[in-house]
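Peer 1: what shape does this take:
(chains A and B)
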Amino acid sequence: MIAYAMNLATLIAINAILAITLNFIMGYAGIFSLAHALFFGVGAYTAAWIAMHVSADFFLTVSGAALLASLLSLALALPALRVREVYFVAASLGLQVLGSTVFAEWKSVTGGIGGVIGIPPAELFGIPLSDPHAFLALALACLTFVIAVTYGLVRSSFGRSLTAIRDSESAAAAYGKNVALIKTLAVVVSSALCAVAGALYAFYLSFINVESFVLDTSILLMAMVIIGGTGTVLGPIIGTVLLLLLPAGLSYLSFLPHTEIGSIQQMIYGLAMVVLMIFRPGGLVGGRSLGERK
Amino acid sequence: MLFLQLLVNGIQVGALYALTAVGFSLIFGSTRIFHVAHGATFTLAGYVFYELYSVAGEPWIAALAAATAGAGIFGVLVDRLVYAPIQRHEGSFFTVFVASFGISIVVQNLVGTAFGRGFVSISSPLSRSVELAPGLYAPPTAAISVLAAVVCFVGLHFFLTRTHIGMALRALSENPDLVRVFGLDPRRLSSYAFALGSLLVVPGALLTGATAGLSPALGNHVMLISLAATIVGGVGSLRGAACGGLLLGLAENLALWHLDPQWSEAVTFVVLFLFIIFRPAGFFGRVATQ
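Peer 2: All right, here's what the predicted structure looks like:
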């Protein structure tokens, strides 16, 4: 029971990092990305590769993962600078589909559908972290770090520039803000921090395959942010906790067939998205409007 | 010969994509609603036909009528029950998009629970391939797909240019405020747009069911294709969406000439991505990127 709770807590910490970094671009920069699972995947595969071929040192693998993810995120920043709304959603969808195909087909690095197995445990200062308690502590430390960085950025002048761009790009440009630079930086920071979650995930499971990094994951992350509350600090965390406790809670209801739990979970969050958008677009934590104000 | 075969397959798939994309584009152009649940309409129509024709053994014409009615009613209900209340209080692009996305998740899982997550196929003598030339095969459904597309486009053209509702719909996409001033009710017109757009998925849904088969996840693919075709063709242009759909169907199939089938969806998105970066207005587009 304790082991079960710790497993859930570790997964919540990892997913909360993903939701918070997605909220950073969705809620503050107004960049509605459906490609977040892609950067999660890049982080996980890079960390796995470094850990297996170079060194399992946690700081080294995380830096490598974050570096590669931030470089690749420029592919997302490019359409974000050129187009908005429908066009950007479509572009990010395209990137996500393309990315999942590459993950599934680039067998020498990603292992294809079979995935990467036997990732060694992470090492902190030369000591392997194979104990689940220690790993949970590491995941929580990373979560705290990500919350601190994103909260710090949102409260800084950079964050104010971001929200200004979200609310009116032309007004922000007229005030002399470098719109292109600020948007690119937001995407890069979000993807780099997202890769931290990828590295944690790879070390935690010691096995990764493409199924964790497909469009469905991006949609689940989007649901976490929206249900919790876009553009709020607490929202993504609450959304993550709720959506990850949902399957656990459903498995206690013995009258539900076990094979259908995944479907029922998706139906519930799909329905929650519809109902929230009608009655409370800001999500559970947020107010009455979602991200961009009209 | 392989090339010709892929070309024939591409035209068949492209014609059906064109129809579905025009439905999406019609709804998006006249109401500005980003109706991603259009894919859900497609899945529903396909499964209604499958249930009545293949499982219950009803005559095809009855099943077709039921699938058509189902698609139209679903489209209008989504507009009335979900989009209308959202638009009443704010209706920013993201709010509507998220709600629409939620609907498609719910429908996909309901269909999966009811019919299973695997593929089902509507078997009919029309889906059996005939040898047209040595080594070149095509089922009669290929001709029916092209014919259905042509008939629907001609019908739609007359509807939009000759009838009052059609002209009002075009006016709505040009200038909604002027339509209101003119005394027409944009909400009512929006229902017409949804009914009409949703009806256009029916041939695609049935013929896909008869050739490639139906699965609950198909809705996602249809949504991606409609969206891609609308953008490649140019938002607001029905002709563009039709050409975009045809182009994507061809690209997806001709890609098999040199690539493994796993890459065909990726090819679609490379095309889309390049359009968004270099020519966001599409072939026939008139709107700017902002």
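
Peer 1: against which helices or strands is the worst-scoring helix or strand of chain B on mean pLDDT packed?
Peer 2: Across the helices and strands of chain B, the lowest-confidence element by mean pLDDT, DSSP states H and E is strand B:130-133, at a mean of 75. Strand B:130-133 makes packing contacts with strand B:136-138 when contacts are defined by 3 or more C-beta pairs under 8 Å, 6 or more residues apart in numbering or on different chains; DSSP states H and E. For every residue, glycine as well, the C-beta is placed using N, CA and C.

Peer 1: the strand it packs on: what's the following helix or strand?
Peer 2: Using DSSP states H and E, the helix or strand that follows strand B:136-138 towards the C-terminus is helix B:140-162.

Peer 1: what lies in contact with that next one?
Peer 2: Contacts with helix B:140-162, where a contact means C-beta atoms under 8 Å, 6 or more residues apart in numbering or on different chains, come from B:8-9, B:11-12, B:15-16, B:18-19, B:22, B:26, B:126-128, B:130, B:165-167, B:169-170, B:196, B:200, B:203, B:207, B:210-211, B:238, B:242.

Peer 1: neighbours around residue 54, how many?
Peer 2: By default, I'm working from chain A. A total of 11 residues lie near A:V54 under the criterion other C-beta atoms under 10 Å in any protein chain shown.

Peer 1: that was the other one, I meant chain B.
Peer 2: For B:S54, the count of nearby residues is 18 (other C-beta under 10 Å).

Peer 1: how near is it to A:G64?
Peer 2: 53 Å (C-beta to C-beta, to the nearest Å).

Peer 1: so where's the stretch 51-200 of chain A uncertain?
Peer 2: Low-confidence segments of the stretch 51-200 of chain A (pLDDT under 70): A:84.

Peer 1: check which helix or strand covers the closest residue to chain B within the stretch 1-150 of chain A.
Peer 2: Nearest residue of the stretch 1-150 of chain A to chain B: A:G94, at 3.5 Å (C-beta to the nearest C-beta). Assigning secondary structure by DSSP H and E places A:G94 in helix A:85-105.

Peer 1: and that helix, what other elements does it pack with?
Peer 2: Using 3+ C-beta pairs under 8 Å, 6+ apart, helix A:85-105 sits against helix A:36-53, helix A:74-82, helix A:107-110, helix A:215-228, helix B:93-115, helix B:218-233, helix B:264-278.

Peer 1: is the shortest one in proximity to chain B?
Peer 2: Which is helix A:107-110. No. Figure legend: helix A:107-110 not in contact with chain B (C-beta under 8 Å from any C-beta of the partner chain); closest approach 11.5 Å.

Peer 1: ok, the fourth one next?
Peer 2: Yes. Judged by C-beta under 8 Å from any C-beta, helix A:215-228 comes into contact with chain B at A:L215, A:I219, A:M222, A:I226.

Peer 1: ditto for the first one
Peer 2: No. Judged by C-beta under 8 Å from any C-beta, helix A:36-53 and chain B are separated, with a smallest distance of 12.1 Å.

Peer 1: pull out the buried positions in that helix.
Peer 2: Within helix A:36-53, the residues that qualify as buried are A:36-52, counting by 16 or more other C-beta atoms under 10 Å in any protein chain shown.

Peer 1: state the pLDDT value of the residue of chain A most remote from its centre.
Peer 2: Largest separation from the mean C-alpha position in chain A: A:F255, at 33.0 Å (C-alpha atoms, centre = their mean). Note on A:F255: pLDDT of 75.

Peer 1: again with the one 3 residues further on
Peer 2: Confidence per residue is given as pLDDT, and for A:H258 that number is 72.

Peer 1: just how off-centre is stretch A:145-164 within its chain?
Peer 2: On the basis of C-alpha atoms, centre = their mean, to the nearest Å, stretch A:145-164 sits 17 Å off its chain's mean C-alpha point.

Peer 1: buried set for that stretch?
Peer 2: A:V146, A:I147, A:V149, A:T150, A:L153, A:V154, A:G159, A:S161, A:L162, A:T163, A:A164.

Peer 1: can you check stretch B:95-108 too?
Peer 2: Neighbour-count burial for stretch B:95-108, with 16+ other C-beta under 10 Å as criterion, is recorded at B:95-108.

Peer 1: what would these look like in JSON lines with distance to chain A and pLDDT?
Peer 2: As requested, the buried residues of stretch B:95-108 are exported to JSON lines (distance: C-beta to the nearest C-beta, whole Å; pLDDT from 0 to 100):
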{"residue": "B:T95", "distance to chain A": "5", "pLDDT": "84"}
{"residue": "B:V96", "distance to chain A": "7", "pLDDT": "87"}
{"residue": "B:F97", "distance to chain A": "7", "pLDDT": "86"}
{"residue": "B:V98", "distance to chain A": "5", "pLDDT": "86"}
{"residue": "B:A99", "distance to chain A": "4", "pLDDT": "90"}
{"residue": "B:S100", "distance to chain A": "9", "pLDDT": "91"}
{"residue": "B:F101", "distance to chain A": "7", "pLDDT": "88"}
{"residue": "B:G102", "distance to chain A": "3", "pLDDT": "91"}
{"residue": "B:I103", "distance to chain A": "6", "pLDDT": "94"}
{"residue": "B:S104", "distance to chain A": "8", "pLDDT": "92"}
{"residue": "B:I105", "distance to chain A": "3", "pLDDT": "90"}
{"residue": "B:V106", "distance to chain A": "4", "pLDDT": "93"}
{"residue": "B:V107", "distance to chain A": "8", "pLDDT": "93"}
{"residue": "B:Q108", "distance to chain A": "8", "pLDDT": "91"}
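
Peer 1: please identify which of those is nearest to B:A281.
Peer 2: B:A281 has its nearest neighbour among the buried residues of stretch B:95-108 in B:F97, at 20.7 Å by C-beta to C-beta.

Peer 1: my guess is that closest one contacts B:H35. True?
Peer 2: No. Counting by C-beta atoms under 8 Å, B:F97 does not reach B:H35; the two are 9.2 Å apart.

Peer 1: mind listing the helices in the stretch 51-200 of chain A by residue range?
Peer 2: With helices called from DSSP state H, counting those that start in this stretch, the stretch 51-200 of chain A shows them at A:58-72, A:74-82, A:85-105, A:107-110, A:132-155, A:157-167, A:169-174, A:179-205.

Peer 1: contacts for the fourth one, please.
Peer 2: Here helix A:107-110 makes contact (C-beta under 8 Å, 6+ apart) with A:Y45, A:W49, A:V102, A:F103, A:A104, A:V116, A:N209, A:V210.
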